[in-house]
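Trainee: I would like the atomic coordinates for the input below:
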Amino acid sequence: MSVQVRRIAVNTGGGDAPGLNAVIRSVVLAATGRGWDVLGIQRGYAGLLDTNRIVQLDAKSVRGITHLGGTILGTTNKGDPFGYPVTLPGQPTTLVDRSDEVVANVRRLGIDALIAIGGDGSMRIASRFAAKGVPIVGVPKTIDNDLTGTVATFGFDTAVTVATEAIDRLHSTAEAHERVMVVEVMGRYAGWIALNSGVAATADVILIPEIPFDIERVCDKILDREARGRRFSIVVVAEGARPVDGAMVTRGEELGREVRLGGIGEQVAAAIEERTGKETRTVVLGHIQRGGRPTTFDRLLALRFGAAAVRLIEQGVFNHMVALDPPVVRAVPLAEATSRMKTVPLDSDTVMTARDLGISFGDGA
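Mentor: Down below sits the predicted model:
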């Protein structure tokens, strides 16, 4: 059922990812082509709490941005209106529910629909606003590829490409110095980036959150290569990987946010050097995986997602997220998209391929 639309808004929330600008451009061109007005909400939902951070978007304002990284609207992972950090003089920071202010401003501004671009956290926020009556459509963005309901999120392919190229470069220096190189990649609680880049770049060991590892098994693989004359090894570690008898390594927790992961690469490298005597180095790719130009795949996927979101609004389909279900883009209820985290299946073809290639997951299998 088509609906009468005059004005829509779009925002980008959570961590940045390559392809955000491509979505914005696609949304603006598809919407203005239908005669709609488009507002850009800066820094997630902040522009709906401080309406000075709302900008008008048109064809001119999105010209030439498809290939650019980042987002022209800015983003934040600290701006959940349902738990917004507020600091009063002389008092500690507390979380306040300001969601009703957002709903009121959506109505006051005459916004007929909101397109929310983001990852799992942003989609959960979108679902809560839908329950408050805001007509909303989600667009899945995350380099972690951990949103269920979609085969891929834009940003993931670029992150894997960056990680693969980095690991490729480390091969030569590892072999030249007969070292073990431990490469820590992002992904939070899912091992998609580590798995895909590790297999593509012919790593010797891949450690992911879905398969707790035994450091002795990891060292056995390295020493086996040493015995066969391969005096270097490449170990790819997802930031959320953990040993069988331990926990994920974190760098503290911020108010209203999940813990910050990071540091497992250093721990694994230290353990390898202690047990094998091999000189070991750690490389943490970090935010470099999120920056820069999106790959062709991510650009095209982002453009498809943006146009599909506009079509859903035109059809009156709200409280849904656009999702890739090859060869088509379809609509998935936000409740389904946020029902669980999409992690690496242990029987997936890529995991089985890695094992057939002799790659160790540190589990002895």
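Trainee: got the CA coordinates for stretch 184-196 in CSV?
Mentor: Extracted as CSV, the C-alpha positions of stretch 184-196 are listed here (Å, rounded to 0.1, in the frame of the first residue of the first chain):
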residue,chain,number,x,y,z
GLU,A,184,44.6,-8.6,15.5
VAL,A,185,41.5,-7.6,13.5
MET,A,186,38.1,-6.1,14.5
GLY,A,187,34.8,-7.9,14.6
ARG,A,188,33.7,-7.8,18.2
TYR,A,189,31.9,-11.0,19.2
ALA,A,190,31.9,-12.4,15.6
GLY,A,191,34.8,-13.9,13.7
TRP,A,192,33.8,-13.0,10.1
ILE,A,193,36.6,-10.6,9.4
ALA,A,194,39.3,-12.8,10.9
LEU,A,195,38.0,-15.9,9.1
ASN,A,196,37.6,-14.4,5.7
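Trainee: what average pLDDT does that stretch get?
Mentor: Stretch 184-196 comes out with an average pLDDT of 96.
Trainee: one more: stretch 50-58?
Mentor: Averaged over stretch 50-58, pLDDT sits at 92.
Trainee: buried sites along stretch 299-319?
Mentor: Buried residues in stretch 299-319, counted by 16 or more other Cβ atoms under 10 Å: 299-314, 317-319. Where you see a C-beta, it was placed from the backbone N, CA and C, and this is true even at glycine.
Trainee: likewise for stretch 57-70?
Mentor: Within stretch 57-70, the residues scored as buried using 16+ other Cβ under 10 Å are 57, 62, 65-66, 68-70.
Trainee: stretch 266-282: how far from the chain's middle?
Mentor: 29 Å (Cα atoms, centre = their mean, to the nearest Å).
Trainee: quick one: contacts for the residue nearest to Ala166 when sequence neighbours are not counted?
Mentor: Distances taken as Cβ to Cβ, 6 or more residues apart in numbering place Leu285 nearest to Ala166, at 5.7 Å, with adjacent residues excluded. Going by Cβ atoms under 8 Å, 6 or more residues apart in numbering, Leu285 touches 162-163, 166, 183-186.
Trainee: ok, 10 Å please
Mentor: Shown in contact with Leu285 (Cβ atoms under 10 Å, 6 or more residues apart in numbering): 159, 162-163, 166-167, 183-186, 193, 197, 236, 239, 265.
Trainee: distance of it from Thr343?
Mentor: Leu285 sits 20 Å away from Thr343, going by Cβ to Cβ, to the nearest Å.
Trainee: bridged to the residue nearest to Gly110 when sequence neighbours are not counted, which residues?
Mentor: Nearest residue to Gly110 in three dimensions, chain neighbours excluded: Arg7, at 5.3 Å (Cβ to Cβ, 6+ apart). Beta bridges link Arg7 to Asp37, judged by DSSP bridges.
Trainee: what's the neighbour count on Arg7?
Mentor: Residues within reach of Arg7, counting by other Cβ atoms under 10 Å, total 14.
Trainee: cool, and the one 3 residues further on?
Mentor: Using other Cβ under 10 Å, Val10 is surrounded by 25 other residues.
Trainee: element containing it?
Mentor: strand 7-12 (DSSP states H and E).
Trainee: and if you look at Val23?
Mentor: Assigned by DSSP H and E, Val23 falls in helix 20-32.
Trainee: for the spatially closest residue to Arg304 that is not a sequence neighbour, helix, strand, or coil?
Mentor: Using Cβ to Cβ, 6+ apart and skipping the chain neighbours, the partner closest in space to Arg304 is Val329 (5.3 Å). Using DSSP: H, G, I helix; E, B strand; the rest coil, the structure places Val329 in strand.
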